[in-house]
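Novice: take this sequence and fold it.
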Amino acid sequence: MNKVINLGSFLAILTLGVATGIAFTHSLEWTNKIGLNAQQYLFVQQTLYQGFGDRAGWIETLGIIVLLLISSLLYRLQPSLGLLSGSSTLKYLIERKGSISGEF
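Specialist: Here you go, the predicted model:
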């Protein structure tokens, strides 16, 4: 069971790290995009990021699923650790939903 948890942890770190890296590149590009007018900005977004969510969106979803599976395995070994892991994952999901929808 420990090998499964270690493999799952590695997979979760890898997938969520890639998803975070993708989001970070968007913040680095912001300084160049801020000077564009609305028409140029829309053109850049539609050209560069066409199908972006379809190709990269599954990475974050996979990481979250793996984290939930790890939480259930940890709960079987040590309930308090499993509950902590699961609640942290759910907190991440709630915060992520707010940042996607623009709510704070």
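
Novice: report the helix or strand with the lowest average pLDDT across this structure.
Specialist: helix 79-101 (a mean of 75; mean pLDDT, DSSP states H and E).

Novice: so which bits of that one are buried?
Specialist: Gly82, Ser85, Gly86, Thr89 (16 or more other C-beta atoms under 10 Å). For every residue, glycine as well, the C-beta is placed using N, CA and C.

Novice: these two touch, right, Leu77 and Val4?
Specialist: No: judged on C-beta atoms under 8 Å, Leu77 makes no contact with Val4 at a distance of 10.9 Å.

Novice: all helices for the protein, in order.
Specialist: 2-33, 38-48, 52-77, 79-101 (DSSP state H).

Novice: give me the spatial nearest neighbour of the residue nearest in space to the middle of the chain, chain neighbours excluded.
Specialist: Compute the mean C-alpha point of the chain, and by C-alpha atoms, centre = their mean the closest residue is Glu60, 3.9 Å away. Distance criterion C-beta to C-beta, 6 or more residues apart in numbering; nearest residue to Glu60, sequence neighbours excluded, is Ala19 at 3.9 Å.

Novice: tell me the contacts of the one you found?
Specialist: When contacts are counted by C-beta atoms under 8 Å, 6 or more residues apart in numbering, Ala19 touches Ala56, Ile59, Glu60, Gly63.

Novice: any chance of TSV for those, columns pLDDT?
Specialist: Compiled in TSV, the contacts of Ala19 are given as follows (pLDDT from 0 to 100):
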residue	pLDDT
Ala56	75
Ile59	82
Glu60	78
Gly63	82
